[in-house]
Each structure stands twice: as structure tokens, then as C-alpha cells.
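*Asks:* would you be able to build a 3D model of this:
(one chain, ligands or ions: 3)
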Amino acid sequence: MTTTDRTPRKLHVVTHGCQMNVYDSARMTDLLRPLGYETVEAPEGADMVILNTCHIRERAEEKVFSQLGRLRVMKEAQGGNMMIAVTGCVAQAEGEVLAKRAPYVDLVVGPQAYHRLPELIAQAHRKTGAVIDTDFPAEQKFDHLPDDAAPQGVVSYLTIQEGCDKFCSFCVVPYTRGAEASRPVASVLAETRRMVALGAREIALLGQNVNAYHGEGPDGSTWSLARLMDKMAGIEGLERIRYTTSHPNDMSDELIAAHRDNAKLTPFLHLPVQSGSDKILRAMNRKHKADDFRRIVERLRDVRPDIAFSSDFIVGHPGETDADFEATMALIRETNFALAYSFTYSPRPGTPAASLPQVEQAAKDARLQELQALLRTQQDAFNISTVGLETPVLFTGSGRYPGQIAGRSLWLQPVVVQHDSDLTGQIRMVKINHANPNSLLGTLLDKELIAA
Ligand code: SAH
Ligand code: SF4
Ligand code: F3S
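*Replies:* Ligands and ions are numbered 1, 2, ... in the order given. Predicted coordinates:
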């Protein structure tokens, strides 16, 4: 079999981890489509399975190995006719070890090398044993990805920055994704226009430190994220822009001002703080204090009073005492988050914090429970505070039950409306009537079509 014959082949892609992996999975699918690969919903009977993996916490990694075990059985049942590729951050971190531990894996490809997939697949067909490519190649993978992408939908994700130079004590990302690099402005704008032409109305700009974006502009100068988003705001048909994930130290004055000046920027910001204790922030190598975070939140609320915040928290980082944890709880109480993600610290091989004395698991678990209970209360309070509002909703598709359509508020809340025609891609005014724990119910205020 060669990679140029055109018999349709079945491709199944499993995605773990962050939105950047979601974007990468979509691009890998785009890359393989011209080779005759069509995506299928289940791995059974697939010619190729891509497991796009995450290495951020131990549990994420364990999931990969248990899934690989199941794929092995399927592959055997198919007489070996299933190519298994492991991509993403576990592939990058484990490379050779993974190929040894799971010898039935045919390809191990890192997040910076997947543009070479077609050639790697051809190699894998010729060779026994795994083909491994975990290079950080000098060429930008974005220059080697195809222009014709499948539509992602009304809300589309666009990676504009990759890698991280910050080396937080707990985190594997600088090792799995490499050094910080920004895509050139022209390439981002071209992809934005393509996405809009395919139906995107909201674009989420992605990067591990997306607010550190510094891409080469068409004039040769370096563009900031604020400048890039200002240019994007001029693209007709694009209605909403947001960006994730950001580091507090890269919230520049210009970016804060963009939340006032850029009408398409949604009033919602994911800004991970991790801890409210200065001692722990120092141990984490975050290079800012809890008060710096408070000041950023305050300044953003000044320029954009309806802005809502989400964040990430780690409890039980080495050295965290009850008092440090209390400082985190105090920061949460003062800030009021609309949404949050929280985790117990998971020691990751090769990261500085992993070799320090660890906080007892029971203490970590208890702290996480307490913290999540508080965050849950804040999320509920935020959702309830939107009841009664007349607010624009971007419709993304049908709801779970017949006669329902679903969309998103400006603050990323799922909104469900009873309506019998398809409004996908339209922004309509909705009156919010009720808040469920994870969604809002509303009625359409028929008159206004804000954008289609
Ligand atoms: N670039 C982002 C984070 C990416 S990782 C930032 O700077 O904030 C997503 C989240 O996973 C982190 O914000 C952190 O809360 C969590 N995380 C990362 N490493 C972790 C670890 N070793 N244990 C537990 N949680 C971790
Ligand atoms: Fe990880 Fe820190 Fe970089 Fe975020 S800023 S990706 S937490 S090292
Ligand atoms: Fe996971 Fe890699 Fe994203 S470790 S969170 S998939 S950058």
C-alpha cells in the first residue's frame, strides 16, 4: 500500500488535553484527507487511529496507556490492520520509552512534527517497529499545513502561539511544546478569513501563553496580541474574538485597553493564577504576587465592567501549608470567578517541583474539595446574576431535545432556547429566564437579528 492510492481509509482520532490539541487534531485530519482518510466515530474497523495525548497530570498520562491497551486488542482482532499513532505531549515526553512499552504502536509524533505525518505514515508502512519523530524542526509546521480545512463550526479555534519559556516549577509544557513561538500575522489573518468563510462567527485564539503573542507583522515589525485582534475585528462576518490561555505577567496596558476598545472582544477572560499565596507563587516560579493578579482584575473591571473571569488553581504544590491554602481561598472570595478549573498538584517527571517533599494526598484532596465547593458557589451565583438579562446569544446548533436550539452567551455560558427553526451562526437577543448549574434557559426576543 502506498500513501498515494485513493481507496477511502477510515481514520479515528481521539483527543485529550487542551484546546491546542483539539486544533492539532483538526489539522491532522485536514492533512490526511487528501490521502483518502475519512474520519469515523469509533475505532473498531479503523485503518488508522490517532491518539492525541496530554501529559499535564499523571491521570492524563495513565488514560493514554489504558486506551492503548484496548486498541491493541482491536488491532489484533483486525489481523494487525490498524495503524496506531500516538501524537501530542505524551508522544513528545516519552518518545522511545512509549514505543518500547507499547510495541504495537506504529508512529510516535510530537506536537511540532505532525505536519510530516504523510511522510511518516509512508515510512511506517515500509518499516517494522515504531517510527518516532519528536523533533522541534526549524521549519514552522504552520507553513506546511494545508490551506483547505474542514469547517470547525460557528465557534472555531485557531492556534497563534505555541510553546512556553516560563518554566513554572510544576509544569511539563515547556518540555513538551518547546520554546515560545508566534505565528506571523499574515498567516493568522489568512486562516481567520478562511474560518469565517466556512461559517465561524466566534474565534478563540489559542496559545499556552497567548497574551505573550509577538508575531511578525506584514511590515516586518512585531505585532502584539492587541494589535492582531484589532486587525481581526475589521474582518466582516467575524463577530466575537477571545483568547486563551494567558499569563498574568503578559497582561500589558495595551491588552487591558483592548478590552475597552475592541468591540468584538468578549467580556470574558481565562487568567490562571494557580495560588493566592505569595510564598507558593514564588515556589511555583510564577514571578508575580497575588496582589499583581488582584490589580489586573481591578483594572480590567474598570475598563470593562461586565467582564467575567475564569482561572486555574493548583492545590497541594510542595510547600503549601494550611495558611497558604487559606490565602488562595481569600483570593477566590475577593475575586468572584464565573468559572474555574482546579487540580491537586501532580508531580511530573523532570519538573523541579517533583523532587521536593510532597504534601500528603489526604490534605490535597481535602483542600481541593473545599476550594471546588467555593468555586461552585461562585459559578452558580454568576449564572444566577445573568437571569433577567436581555443579551446576545450566538447560536451554535440544536439543543439536546427536539425543538430546542443552543448557543452561547458573551460569557461562554451555554444557552438553550425553545425554537423551531435553525438559527445556527446567527446572533439574536435572548431574555435569560432561568439558570441551571451548567446552562441557561432563555426566550428569543424575535425582533433583533444582530448578525448572521
Ligand atoms: N499556560 C497556562 C497553563 C497550561 S496547563 C498557564 O500558564 O496558566 C493548564 C493548567 O493545568 C494549569 O494552569 C495548571 O493549573 C494545571 N497544571 C499544570 N501542571 C500541573 C501539575 N503538575 N499538577 C496539577 N495541575 C497542573
Ligand atoms: Fe506551564 Fe507555566 Fe508555561 Fe503555563 S506559563 S504553560 S503553567 S510553564
Ligand atoms: Fe496537555 Fe500538552 Fe495541552 S500537556 S494541556 S495537551 S499542551
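*Asks:* what does the protein have sitting close to ligand 2?
*Replies:* Proximity of the chain to ligand 2, by C-beta under 6 Å from any ligand atom, involves residues 164, 166-168, 171, 173-174, 208-209, 247. Every C-beta, even on glycine, is put in place using the N, C-alpha and C of the backbone.
*Asks:* quick one: the residues you listed as a markdown table, columns for secondary structure and neighbour count too.
*Replies:* Conversion of these to a markdown table gives the following (DSSP: H, G, I helix; E, B strand; the rest coil; neighbours: other C-beta atoms under 10 Å):
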| residue | secondary structure | neighbour count |
| --- | --- | --- |
| Cys164 | coil | 23 |
| Lys166 | coil | 17 |
| Phe167 | coil | 13 |
| Cys168 | coil | 23 |
| Cys171 | coil | 21 |
| Val173 | helix | 22 |
| Pro174 | helix | 17 |
| Gln208 | coil | 24 |
| Asn209 | coil | 20 |
| His247 | coil | 20 |
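*Asks:* make CSV out of the residues you listed and add pLDDT and distance to ligand 1.
*Replies:* Output for these, formatted as CSV (pLDDT from 0 to 100; distance: C-beta to the nearest ligand atom, whole Å):
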residue, pLDDT, distance to ligand 1
Cys164, 95, 6
Lys166, 96, 7
Phe167, 97, 11
Cys168, 98, 7
Cys171, 98, 4
Val173, 96, 6
Pro174, 95, 10
Gln208, 95, 4
Asn209, 95, 6
His247, 98, 5
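*Asks:* closest to ligand 3 out of those residues?
*Replies:* Lowest distance from ligand 3 to the residues of the chain next to ligand 2 (C-beta to the nearest ligand atom) belongs to Val173, with 5.1 Å.
*Asks:* returning to what we had before: a markdown table for the residues of the chain next to ligand 2, including distance to Gln123?
*Replies:* Supplementary listing: the residues of the chain next to ligand 2 in a markdown table, determined by distance: C-beta to C-beta, whole Å:
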| residue | distance to Gln123 |
| --- | --- |
| Cys164 | 30 |
| Lys166 | 35 |
| Phe167 | 34 |
| Cys168 | 36 |
| Cys171 | 32 |
| Val173 | 28 |
| Pro174 | 29 |
| Gln208 | 29 |
| Asn209 | 33 |
| His247 | 38 |
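*Asks:* and ligand 3, which of the residues you listed contact it?
*Replies:* With C-beta under 6 Å from any ligand atom as the criterion, the subset of the residues of the chain next to ligand 2 in contact with ligand 3 comprises Val173.
*Asks:* shaky segments in the protein?
*Replies:* Judged by pLDDT under 70, the chain has its weakly predicted residues at 1-6, 138-139, 447-449.
*Asks:* mind listing the helices for it?
*Replies:* In chain order, the chain shows helices spanning 19-32, 58-77, 88-101, 117-126, 173-177, 185-197, 225-232, 253-261, 278-283, 290-303, 322-335, 361-385, with DSSP state H as the criterion.
*Asks:* adding distance to Ser346, write the ones you listed out as CSV.
*Replies:* Below are the helices of the chain laid out as CSV (distance: least, C-beta to C-beta, whole Å):
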stretch, distance to Ser346
helix 19-32, 18
helix 58-77, 5
helix 88-101, 14
helix 117-126, 30
helix 173-177, 13
helix 185-197, 33
helix 225-232, 30
helix 253-261, 30
helix 278-283, 16
helix 290-303, 23
helix 322-335, 17
helix 361-385, 9
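*Asks:* which stretch among those approaches Arg408 most closely?
*Replies:* Comparison of the helices of the chain against Arg408 by C-beta to C-beta identifies helix 361-385 as nearest, at 13.1 Å.
*Asks:* please see if that closest one touches ligand 1.
*Replies:* No - for helix 361-385 and ligand 1, the contact criterion (C-beta under 6 Å from any ligand atom) is not met; the two come no nearer than 9.8 Å.
*Asks:* what's that helix packed up against?
*Replies:* Helices and strands touching helix 361-385, by 3 or more C-beta pairs under 8 Å, 6 or more residues apart in numbering; DSSP states H and E, are strand 308-315, helix 322-335, strand 339-344, strand 427-435.
*Asks:* and it with strand 308-315, angle?
*Replies:* 170 degrees (axes from the mean of the first three to the mean of the last three C-alpha atoms, to 10 degrees).
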